[in-house]
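Asks: Need the 3D shape of this:
(2 chains)
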Amino acid sequence: MKTRKMRHKRLKCNDVAFNLINHFVFIIITLICFYPFYYMIINTVSANDLSANGSIRFLPKSIHFDNYTQVLAINGLMRAALISIGRTVIGTACTVLASAFLGYVFTQEKMWHRRFWYRFFIITMYFNAGLIPMFITMKTLHLTNTFWVYIIPVIIQPFNIILVKTYIESMPRSLQEAAEIDGAGIFTVFGKIILPTAKPILATVAIFSAVGQWNSFQDTLIYVTEQKLYSLQYLLYTYINQASSLAAMVRNNGVSAVSAVALASQQTPTSIRMTVSVIVVLPILFVYPMFQQFFVKGIMIGSVKG
Amino acid sequence: MKESVSGKASKRTLQSRRLFYCILPFIILSFLFSYFPLHGWIYAFYDYKPPLKLSQCDFVGWKWFETLFANKTQVAQIFQVMKNTLAMSLLGMLTSVFPIGFAIFLNEIKCKWFKSLVQTLTALPNFISWVLVYSVAFSLFTDGGLVNTLLQNMGLITTPIKFLDSDAHIYSWMTLWNVWKGLGWGAILYLAAIAGIDSELYEAARVDGANRFCLMKEITLPSLMPTFFVLLMMSVANFLNNGMDQYFVFQNSFNKEHIQVLDLYVYNVGMTGSSLSLATAISMLKSIISLILLTIVNILSKKTRGESII
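Replies: Take a look at the predicted model:
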C-alpha cells in the first residue's frame, strides 16, 4: 500500500517536472520567434544614439517618433507604400473574384467539357516554364514596367479554385436550384447566392492572397526597373544594401537641423533600416492574429484535397 | 412533343456552352501565363542576345546543353550548384520532423490561452517576406548587432563574428532560418490532425495503464504519419525547387559559392550574368526533371498508400 502510494507520488513528480520543462521550452521558442520583431520595434522608437550602440534590448528608452516622420519623408517611400497597398487591394479583389467564379462554374455539371477545363487549370500548379521564359513572355505582352505585372499574372490561382470548388460542393444545393427555377442566370446566382454563402472560404482565399501580394518581391526584381513602380518590399531590400548612403541623404535633406538635441533623433543606417522594416511588418502583425482562423481553415481544406 | 424535347436539349447545350464562354477570359489568362511561356524554351536552342529579335540570332541546337557538361570549369560550377541544392533540400527534409515534435509537445500543454498564444506567435514568422527575414538577420547578427554586442559584453569574443558575410556553415545557417520561419506554421497542420483524434482511444489506453509518454508515442505520433508522409513526398517532388527569394536576399560576394542553389543560379546566369539562353537551358532541364520526379513520387504514393498526392 505504502509503496504504491510512493510510486504514485513519483509519477506525479515526473509529471510536474515534465510540465515545467515543456512550458519552459515553449516559452523559449516563442521568444525566439517573436523577440526579433519586438527588438526592432523598441529600437525604432528609442533614442537613435542608444540604439546604434546596441543598448536597447528590453524596454525602449527616451521614446520619440522622429524616425517615422523622417523616414516617411524619404523620396519614393510613400509612393512605394501606395504601390504595395494598391497591388494588395486590387490583386486580392481580382484573385478572390476569379477564384470564386471559377470555383462556382466548375461545380456546374452541365458545363461544356467541364472535366477537361478544370484539369486545364489545375495542372498548371505542377509545371512552370522558368524564370527567363516568364520574363520573355511579360516582355512580349508589354507587361514589364507596368503596374499590371503585379496583378494580371497572379489572378488565376489553381489552389484557390480547388478550395472554393470543394467548399461550394459541400454546401446544400437547394438554394441554387430554387434560384435557377426562378429563372436566375449564372451571374445572378453567383452574385446573390454563391458570394454570400461562400464567405468563409473567400475570406481565407483573400487573406492568403493579400499576404502574398504584400510580401511579393521577386516580381519587382525581375519585371520592373522603373523606380516609381517599386514595391515596399523591394525598397526595403535596396535600403538594407545601401542604408548608409541613405542616412546621409536624410541628414542632408535638413529635416532635422544639426544640434545637440538632434543627435538622439539623427538617422543612422540602422534606424532607417529598422524603421522601414517595422512599417513593412506592422500590417502583418496586426492582420495575422485576427485572421488566424481563416489561415488554419485554408490549410485544413487544402490538406484534405490538395 | 418531339420538337419540345429537342428544344429542351438544344437549350441545355446552349446553357452548357454559355457557361464555357463565361470562363473563356480566364482560360485565356491561364493560357497566357502558364502555357504560353513554355514557348520560351526555344530560346535554349538559340544564341539569344536581348536587343536583337530571336530571328536575328543564331540557331545553335544543343550547344548550351553540351557546354553545361563540356567545359571543365562549367562542370565544376554545375556540380557545386547541384551540391548546394541537394544539401539544402535534404536538410529541409530532415528538419521537417521538427513541426511534428512541436505539435505533439504543445498538445501536452493544457493551459488554453498559453497554447494559443504560442501558436500565434510562433506562426508569425511564416507570414513575413524573406526580405524582412533578412532585415531581422541584419539587425541581430551584423557587426554592431545585438548578438555580437552581447557576446562582446560578456567577454566571449573580442572581434565581432561575421555571421552574414561569411561562407562558413552556410547550409546550417540557411536551414536555421528556414526552421525559424516555418516551425510554428508547420505545426498547425499537425495540431489540427491531433485535434481530430478520437479521444476514446486515449481513454482506453489510459485504462490499460499507459502513461503520458506512451500515449504520445503510441497514439499521437502514428496518427500524424499520413500527413507527414504526404508532405515528405511533396518535398521529394520539389527537390530541385528551393525557390530563390531566401538565397537571393542572403547572397553576397563572400558566400556566393555555397549559397547558389539551382533557382538562384538560373537568375544569376540569366538576369545578371552571361547568357539568357544558357539560363533557359538550365531551367528547362530543371522543370523536366521536377516533372519526372513528381510523376515517380505520385506513382509510388499510389502503390504504397493507394492514394495519389496530386
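Asks: name the element whichever residue of the stretch 151-300 of chain B sits closest to chain A belongs to?
Replies: Closest residue of the stretch 151-300 of chain B to chain A, Cβ to the nearest Cβ: residue B:283 (3.2 Å). Bear in mind the C-beta positions are built from the backbone N, C-alpha and C, glycine included. Taking DSSP states H and E as the definition, one finds residue B:283 inside helix B:276-305.
Asks: and residue 157, what does it touch?
Replies: Assuming you mean chain A. Contacts here follow Cβ atoms under 8 Å, 6 or more residues apart in numbering or on different chains; on that basis residue A:157 touches A:95, A:98-99, A:205, A:209.
Asks: To clarify, I was referring to chain B.
Replies: By Cβ under 8 Å, 6+ apart, residue B:157 lies in contact with B:148, B:151.
Asks: again, but for residue B:65
Replies: Counting by Cβ under 8 Å, 6+ apart, the residues that residue B:65 touches are B:44, B:281, B:285.
Asks: Please tabulate these in TSV, including the columns pLDDT, distance to chain A and neighbour count.
Replies: As requested, the contacts of residue B:65 are arranged in TSV below (pLDDT from 0 to 100; distance: Cβ to the nearest Cβ, whole Å; neighbours: other Cβ atoms under 10 Å in any protein chain shown):
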residue	pLDDT	distance to chain A	neighbour count
B:44	83	9	25
B:281	88	9	26
B:285	88	10	17
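Asks: what about the nearest residue to residue B:143 once chain neighbours are set aside, how many residues close to it?
Replies: The spatial neighbour of residue B:143 that comes closest, neighbours along the chain excluded (Cβ to Cβ, 6 or more residues apart in numbering or on different chains), is residue B:160 at 4.4 Å. Residue B:160 is flanked by 16 other residues according to other Cβ atoms under 10 Å in any protein chain shown.
Asks: distance of residue B:160 from residue A:136?
Replies: When Cβ to Cβ, to the nearest Å is the yardstick, residue B:160 and residue A:136 sit 44 Å from each other.
Asks: Then residue A:180?
Replies: According to Cβ to Cβ, residue A:180 and residue A:136 sit 45 Å apart.
Asks: Give me the more crowded residue out of those two.
Replies: For residue A:180 against residue A:136, the residue with the higher neighbour count under other Cβ under 10 Å is residue A:136, and the figures read 21 against 15.
Asks: Thought residue B:44 was touching the more buried one, still the case?
Replies: No. Under the contact definition of Cβ atoms under 8 Å, residue A:136 does not touch residue B:44, with a separation of 11.4 Å.
Asks: Leaving out chain neighbours, which residue sits closest to the most centrally placed residue in chain B?
Replies: Central residue check for chain B by Cα atoms, centre = their mean: the C-alpha nearest the mean position is that of residue B:242, 5.2 Å away. Once flanking residues are discounted, residue B:242 sits nearest to residue B:261: 4.5 Å by Cβ to Cβ, 6+ apart.
Asks: so who does the one you found touch?
Replies: Applying Cβ under 8 Å, 6+ apart, the residues contacting residue B:261 are B:81, B:84-85, B:88, B:242, B:244, B:247.
Asks: at 7 Å what do you get?
Replies: B:81, B:84-85, B:88, B:242, B:247 (Cβ atoms under 7 Å, 6 or more residues apart in numbering or on different chains).
Asks: now residue A:108
Replies: residue B:19.
Asks: For it, what are phi and psi?
Replies: When read as degrees, to the nearest 10, the backbone of residue A:108 gives phi -80, psi 110.
Asks: What pLDDT does the model give it?
Replies: The pLDDT attached to residue A:108 in the predicted structure is 86.
Asks: One more: residue B:133?
Replies: We have a pLDDT of 93 for residue B:133.
Asks: Then residue A:263?
Replies: 55.
Asks: try residue A:2
Replies: 53.
Asks: Spell out which residues of the stretch 201-306 of chain A are next to chain B.
Replies: Neighbours of chain B within the stretch 201-306 of chain A, by Cβ under 7 Å from any Cβ of the partner chain: A:211, A:215, A:217-218, A:222, A:233, A:236-237, A:240, A:273-274, A:277, A:280-281, A:284, A:288-289, A:292, A:296, A:299-300, A:303.
Asks: And the buried ones among those residues, selectable in ChimeraX?
Replies: Remark: buried members of those, expressed as a ChimeraX selection using 16 or more other Cβ atoms under 10 Å in any protein chain shown:
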select /A:211,215,217,218,222,233,236,237,240,273,274,277,280,281,284,288,292,296,299,300
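Asks: From residue A:230, how far out is the residue in chain A that chain B sits nearest to?
Replies: Relative to chain B, the nearest point of chain A is residue A:133 (2.5 Å; Cβ to the nearest Cβ). Using Cβ to Cβ, we find residue A:133 at a distance of 24 Å from residue A:230.
Asks: for residue A:279, same thing?
Replies: Taking Cβ to Cβ as the measure, residue A:279 falls 14 Å from residue A:230.
Asks: The two: which is more packed in?
Replies: Using other Cβ under 10 Å, the more surrounded residue of residue A:279 and residue A:230 is residue A:230, with 22 against 18.
Asks: hang on, isn't that one packed against residue A:219?
Replies: No. Between residue A:230 and residue A:219 there is no contact, the gap being 11.2 Å when judged by Cβ atoms under 7 Å.
Asks: First-to-last residue distance for stretch A:43-58?
Replies: When the termini of stretch A:43-58 are compared using Cα to Cα, to the nearest Å, they are 10 Å apart.
Asks: Could you list the buried residues of it?
Replies: Neighbour-count burial for stretch A:43-58 [16+ other Cβ under 10 Å]: A:43-48, A:51-52, A:54, A:56.
Asks: And the furthest pair within those residues?
Replies: Greatest spatial distance among these (Cβ to Cβ): A:45 and A:54, at 15.8 Å.
Asks: burial count for the nearest residue to residue B:251 once chain neighbours are set aside?
Replies: Nearest residue to residue B:251 in three dimensions, chain neighbours excluded: residue B:259, at 5.2 Å (Cβ to Cβ, 6+ apart). Residues near residue B:259, counting by other Cβ under 10 Å, number 21.
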